[in-house]
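Student: Model the structure of this input:
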Amino acid sequence: MSVVLHQEPLAPRTSFRLGGPARILIEADRDDEIESILREQGTAPLFVLGGGSNLLVADRGYDGLVLAIRSRGVSLRRDGDAVLVTAAAGEPWDDLVARCVEEGLAGIECLSGIPGQVGATPIQNVGAYGQEVSDTLVAVHAYDRMQGQRVSLRPEECSFAYRDSAFKSQWPGRYVILSVVFRLRPGLPDAPRYGELIAALGDEPPTLGRLRSLVIELRRRKGMILDEGDPDTRSAGSFFTNPILEPAAWAAFQDRIAPQLHPGERIPSFDGGGGRIKLAAAWLIERAGFSRGFQRGGAAVSSRHALALVNRGGSAADVLALAREIQQGVREAFGVELTPEPVLLGF
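Tutor: Down below sits the predicted model:
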């Protein structure tokens, strides 16, 4: 049964613990209720709230309707040599990962410890430690607000890219995700591809349970596991995506930074596909003078990871001001633009 709330505080519903109220917030835990609300709303402005872990709400709040999806449920079905796992949009993501690991299903174990809900993962094409949601996703069931009906979208229709999808960049607000289907493989995981995880595993054979525990430990060291007792987790995790440079921009960047490098120092960089190069945003941030713990007003760079901005008892405006200062600093130092990862609501 849906619940309607007026002037509902949003700060407690976000990992930043910041922001003002929603004029109207509706909680719905069934797909038929969600569809009914969406039909009634038509194409009028609406914000869909999941776990609030990738969201910064303005201090004045949001003068509109917020739909908080709380649907639950996971089903498994054998499909040849794989298993199709269907999860409701409101299912906590890490609960799903934990269950799949327990069931011996490989494909999302390196995405352990990530907060938020299943329905948000395709929008951002959530990824970490060498895996992305798009690696195993086979269908997205959603409500199309433009057509006023439920639809199923195949991966090729979603235009997945690094921390991006058509839901985010082409059709923002058009589709409300109801459930997601993944195709996972029973048995042992593939060998890890991410350097930090490979080093942590050492000579141990990779198992699903061991990879999950290592990823969670690595995330905890960086303050990337939500913990009410840890002030470094009052954040949205990584605040910026790693910039991807075209070949010409990469060459210009190398020329620009060469005089600053120490003898033998290498620029942290990775294959960005199509001849492009992906830079480490955290490295750029620190090299631009924003070290871990750097604070401006009530916001700070995390003391554990330069890619996370943290609420230190300030306001949403403090966080956004620090983010813009960092963007400007990196732009001036390196000619590289940092793109914020969280959704900015009500600004």
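Student: Which other helices and strands does the helix or strand where C100 lies contact?
Tutor: Here C100 sits within helix 93-102, counting by DSSP states H and E. Helix 93-102 sits against strand 82-88, helix 208-221, with contacts defined as 3 or more C-beta pairs under 8 Å, 6 or more residues apart in numbering; DSSP states H and E. Backbone N, C-alpha and C define where each C-beta goes, glycine included.
Student: Comparing those, which comes out most buried?
Tutor: Comparing the helices and strands packed on helix 93-102 by mean neighbour count (mean count of other C-beta atoms under 10 Å), strand 82-88 comes out on top with a mean of 21.
Student: so where is this protein shaky, pLDDT-wise?
Tutor: Per-residue confidence for the chain (pLDDT under 70) gives no ranges below the cut-off.
Student: Run through the helices of it in chain order.
Tutor: Assigned by DSSP state H, the helices in the chain fall at 31-41, 93-102, 121-124, 166-169, 195-201, 208-221, 247-257, 281-287, 316-334.
Student: how many neighbours does the nearest residue to W250 once chain neighbours are set aside have?
Tutor: Closest residue to W250 apart from its sequence neighbours, by C-beta to C-beta, 6 or more residues apart in numbering: I277 at 4.5 Å. Burial of I277 is recorded as 20 neighbouring residues (other C-beta atoms under 10 Å).
Student: Would you check that I277 makes contact with D271?
Tutor: Yes: I277 is in contact with D271 according to C-beta atoms under 8 Å; the separation is 7.3 Å.
Student: what's near enough to touch the closest residue to S269 other than its chain neighbours?
Tutor: Once its chain neighbours are removed from consideration, S269 has its nearest residue in I277; the separation is 5.1 Å (C-beta to C-beta, 6+ apart). Contacts were defined as C-beta atoms under 8 Å, 6 or more residues apart in numbering; by that measure I277 touches I244, L245, P247, W250, S269, F270, D271.
Student: In CSV: these, plus neighbour count and distance to A87.
Tutor: Conversion of those to CSV gives the following (neighbours: other C-beta atoms under 10 Å; distance: C-beta to C-beta, whole Å):
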residue, neighbour count, distance to A87
I244, 20, 29
L245, 19, 35
P247, 11, 39
W250, 19, 38
S269, 16, 35
F270, 14, 30
D271, 10, 30
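Student: ok, what's across the strand from the residue nearest to S269?
Tutor: I277 has the following beta-bridge partners by DSSP bridges: L245, D271.
Student: how much space between it and F160?
Tutor: 20 Å (C-beta to C-beta, to the nearest Å).
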